[in-house]
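Q: quick one, structure for this:
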Amino acid sequence: MSSPLEINSIFHENYQIQQLLKESNFERIYLATDLNHSENYQIKEYIARNPDAIPAAQNRFQTELNHLKNLQNPQIQALKDYLWQEDRLFLILPHIPGQTYQNYNHPPISEQAAIQLFNEILPIFTYIHSQNIAHGNISPNTILLKNFDNRPVLTNFGTLQNLLTQLGIETPETPLINQVRNLQIPPPPPPPQGDITIENDLYSLAITIVTLLTGKPLQVLYQPQTQTWDWETWKLVSDQLTQVLNKMLSLNPWERYNSAEAVRQALNTAPTIIPPAPAPLPPPSPYLTPTVISPPLTTQPQKDKTPLIAFAIGTSLTLIGIVAIFATNKSPNNSSTVNQIQTPSQSTPTTPNLTPLTQQQALNLINQYLQAKSQIFAPPYNRQLAATLVTGRAYQDILGPDGTIDWLQQRNAYYRYGRQNANPTGYFNATETTAEIEIIITEELTLYVNGNFDNSKQNSNAYRFSFFRENGTWKIANREVINQ
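A: Residues are numbered from 1 along each chain as shown. Predicted structure coming up:
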């Protein structure tokens with residue numbers, strides 16, 4: 001390759017080269033700063049191995065490259081700009097610190113993580129497919145996890161890979177579709193319409209998910225003789241996720257889902273569940289005033305132990321009725337006694353042994369709630385999970401009509417959470433059935449509407465959490481912001 005760009009030099013009028021991030025036999029990647037906006041970018045440099053192919057490549061890919069420049073989504077590493085200098089091609093892309101799933105050192109992901117990844121990627125697919133653009137190169141190596149919020153970003157669109165191929169530049173990355181095709185016996189020819197299609201995006205995403213779920217390469221999971229996928233041997237997941245993945249991996253394309261939205265709905269459609277009736281609101285004070293219930297008023301038992309029949313005689317009408325029949329009881333010693341009406345002095349009620357909530361238990365419950373928010377305030381909007389954690393006013397605010405979940409679902413919106421910390425201030429008070437704690441919560445959250453970024457913020461507020469023992473289980477009854 002020719003000499004690299006000099007450090008601190010100005011490239012393409014606006015970009016100051018900061019450092020050389022990577023150099024291989026087919027590309028160089030620079031870190032540069034846009035002097036007009038103080039933003040960091042990557043500049044990728046390629047040298048055509050077949051310079052004669054440059055005019056044809058320029059004509060073929062100009063429209064597609066311009067389409068990539070028009071993409072606007074925070075979870076896409078969109079093409080900022082591109083330019084040709086003789087036999088060299090430069091691509092300018094946003095610099096996003098992070099690691100790809102391919103390089104991320106982790107064990108096989110959980111089912112919950114797989115569903116979350118689905119719900120992060122599918123709205124991006126819906127967006128780019130609505131622009132008549134397919135990614136064309138989905139794999140663990142093209143999904144980048146951002147360092148900032150650990151959210152996935154799509155990189156390395158297939159159009160760019162195809163452009164490099166036409167220039168004679170051999171990259172070490174082979175698209176998943178091609179890897180599967182090469183495993184088939186015999187390998188079929190590429191389709192005439194090419195591999196960059198909406199259908200292949202969904203198929204490649206399913207392959208990516210099963211490789212991440214099982215921790216096995218596709219060479220182990222794919223059965224070339226039958227052209228099927230044997231991933232369930234390596235990972236047990238719910239029936240719902242199994243059905244979604246197997247439909248996405250169907251041998252016949254017409255049996256698969258036809259859109260990202262169809263996959264999202266199948267993944268997040270839950271059985272109809274009637275939510276439990278709202279629990280009564282806890283008392284405003286953490287101290288309960290015992291309620292004394294008086295025994296019902298009764299008449300004294302009849303002295304006569306034999307059945308009694310009363311008669312009433314009128315001047316023109318005789319009415320005969322059975323007033324009462326008192327049946328006798330047999331005591332354990334077989335002696336005949338009259339049933340006695342118990343008074344409070346004659347019985348001793350059993351009082352359950354209730355232990356007040358401890359401060360550590362209160363903190364644990366708050367942390368459980370914070371961790372569950374990503375499942376409650378985002379697909380699958382897990383109402384059952386929320387009902388195990390909250391009651392009273394908190395139940396109404398989250399699960400009631402026009403509560404937070406209803407608000408989000410009506411607007412096709414959801415939250416994503418970053419860092420979350422809960423630190424107690426020192427105030428804690430508890431009785432056998434209620435408790436209160438004051439705590440400072442710091443969390444990063446981002447709102448998405450219709451799959452698109454809406455706003456992001458970091459909150460740090462002092463709260464007073466109230467707890468209530470409901471049927472023996474402690475739950476969060478209320479949460480309010482307080483002045484520090």
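Q: just the element for the nearest residue to L389 once chain neighbours are set aside, please.
A: Computed as Cβ to Cβ, 6 or more residues apart in numbering, the closest residue to L389 that is not its neighbour in sequence is Y369, at 5.2 Å. The way it works is simple: take the backbone N, C-alpha and C, and place the C-beta from them, glycine included. Assignment of secondary structure by DSSP states H and E places Y369 within helix 359-376.
Q: who's in contact with that helix?
A: 112, 116, 382-383, 385-386, 389-390, 398, 405, 415-417, 420, 422, 424, 428, 430, 435, 437, 439, 441, 443, 465, 467, 474-476 (Cβ atoms under 8 Å, 6 or more residues apart in numbering).
Q: what about the helices in this protein?
A: With DSSP state H, the ranges of helices along the chain come out as 54-69, 111-130, 158-166, 176-183, 198-214, 218-221, 239-248, 260-268, 359-376, 383-387, 392-399, 404-410.
Q: re earlier: relative to helix 111-130, how tilted is the helix holding Y369?
A: Orientation check (axes from the mean of the first three to the mean of the last three Cα atoms, to 10 degrees): helix 359-376 against helix 111-130 gives 30 degrees.
Q: which parts of helix 359-376 are buried?
A: The neighbour-count check on helix 359-376 (16 or more other Cβ atoms under 10 Å) flags A362, L363, L365, I366, Y369, A372, K373, S374, Q375, I376 as buried.
Q: and it, C-alpha only, in PDB?
A: Output in PDB follows, covering the C-alpha atoms of helix 359-376 (Å, rounded to 0.1, in the frame of the first residue of the first chain):
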ATOM      1  CA  GLN A 359     -33.300  -2.400  55.300                       C
ATOM      2  CA  GLN A 360     -31.200  -4.900  53.200                       C
ATOM      3  CA  GLN A 361     -34.400  -6.600  52.100                       C
ATOM      4  CA  ALA A 362     -35.900  -3.200  51.000                       C
ATOM      5  CA  LEU A 363     -32.700  -2.500  49.000                       C
ATOM      6  CA  ASN A 364     -32.900  -5.900  47.400                       C
ATOM      7  CA  LEU A 365     -36.500  -5.300  46.400                       C
ATOM      8  CA  ILE A 366     -35.600  -1.900  44.800                       C
ATOM      9  CA  ASN A 367     -32.700  -3.500  42.900                       C
ATOM     10  CA  GLN A 368     -35.000  -6.200  41.600                       C
ATOM     11  CA  TYR A 369     -37.400  -3.600  40.400                       C
ATOM     12  CA  LEU A 370     -34.600  -1.600  38.700                       C
ATOM     13  CA  GLN A 371     -33.400  -4.700  36.900                       C
ATOM     14  CA  ALA A 372     -36.900  -5.700  35.800                       C
ATOM     15  CA  LYS A 373     -37.700  -2.300  34.300                       C
ATOM     16  CA  SER A 374     -36.000  -3.300  31.000                       C
ATOM     17  CA  GLN A 375     -38.700  -6.100  30.700                       C
ATOM     18  CA  ILE A 376     -41.600  -4.100  32.100                       C
END
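Q: how far is that helix from where the chain is centred?
A: How far helix 359-376 lies from its chain's middle: 16 Å, per Cα atoms, centre = their mean, to the nearest Å.
Q: ok, now stretch 60-69?
A: In terms of Cα atoms, centre = their mean, the centre of stretch 60-69 is set 33 Å apart from its chain centre.
Q: where does the stretch 51-200 of the chain have low pLDDT?
A: 105-106, 186-187, 189-195 (pLDDT under 70).
Q: switch to 90 and redo it
A: Applying pLDDT under 90 to the stretch 51-200 of the chain flags residues 51, 60, 86, 102-108, 147-150, 161, 165-166, 169-197.
Q: quick one on the thing from earlier: for the residue nearest to L389, report the pLDDT, please.
A: As summarised for this prediction, Y369 has a pLDDT of 94.
Q: do V323 as well
A: 33.
Q: coming back round to it: looking at the buried residues of helix 359-376, which is nearest Q62?
A: Nearest to Q62 among those is S374, at 41.6 Å by Cβ to Cβ.
Q: before we move on, back to that, could I get the buried residues of helix 359-376 in JSON lines, plus columns for distance to R151?
A: JSON lines is the format used below for the buried residues of helix 359-376 (distance: Cβ to Cβ, whole Å):
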{"residue": "A362", "distance to R151": "31"}
{"residue": "L363", "distance to R151": "27"}
{"residue": "L365", "distance to R151": "27"}
{"residue": "I366", "distance to R151": "24"}
{"residue": "Y369", "distance to R151": "22"}
{"residue": "A372", "distance to R151": "19"}
{"residue": "K373", "distance to R151": "15"}
{"residue": "S374", "distance to R151": "11"}
{"residue": "Q375", "distance to R151": "16"}
{"residue": "I376", "distance to R151": "18"}
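Q: nearest to L154 among the residues you listed?
A: L154 lies nearest to S374 out of those, by Cβ to Cβ, at 20.6 Å.
Q: pull up the gap between that closest one and R49, please.
A: Separation of S374 from R49 (Cβ to Cβ, to the nearest Å): 46 Å.
Q: ok, P107 next?
A: 39 Å.
Q: more crowded one of the two?
A: R49 (13 against 6; other Cβ atoms under 10 Å).
Q: list the contacts of S204.
A: By Cβ under 8 Å, 6+ apart, the contact list for S204 reads N137, I138, S139, P175, L176, I177.
Q: closest to E39 among the buried residues of helix 359-376?
A: Nearest member of the buried residues of helix 359-376 to E39, counting by Cβ to Cβ, is S374, at 28.9 Å.
Q: coming back round to it: list only buried entries from the contacts of helix 359-376.
A: Buried among the contacts of helix 359-376 by 16+ other Cβ under 10 Å: 116, 382-383, 385-386, 389-390, 398, 405, 415-417, 420, 422, 428, 430, 435, 437, 439, 441, 443, 465, 467, 474-476.
Q: looking at the residues you listed, which are in strands?
A: 415-417, 420, 422, 428, 430, 435, 437, 439, 441, 443, 465, 467, 474-476 (DSSP state E).
Q: what's the local residue count around E470?
A: Neighbourhood size, E470 [other Cβ under 10 Å]: 17.
Q: any idea how far G392 is from it?
A: When E470 is compared with G392 (using Cβ to Cβ), they lie 8 Å apart.
Q: same question for L93.
A: 50 Å.
Q: ditto for A422
A: According to Cβ to Cβ, A422 and G392 sit 20 Å apart.
Q: look up the closest residue to N246, ignoring the ones flanking it.
A: W229 (7.7 Å).
Q: list the contacts of that neighbour.
A: Here W229 is in contact with I207, V210, L221, Y222, Q223, N246, L249 (criterion: Cβ under 8 Å, 6+ apart).
Q: how close does the nearest residue to the fourth one once chain neighbours are set aside sit to L218?
A: By the measure of Cβ to Cβ, 6+ apart, the closest residue to Y222 outside its immediate chain neighbours is L183, 5.6 Å from it. Relative to L218, L183 is positioned 8 Å away (Cβ to Cβ).
Q: which one's more surrounded, the two?
A: The residue with more neighbours, out of L183 and L218, is L218; 18 against 14, by other Cβ under 10 Å.
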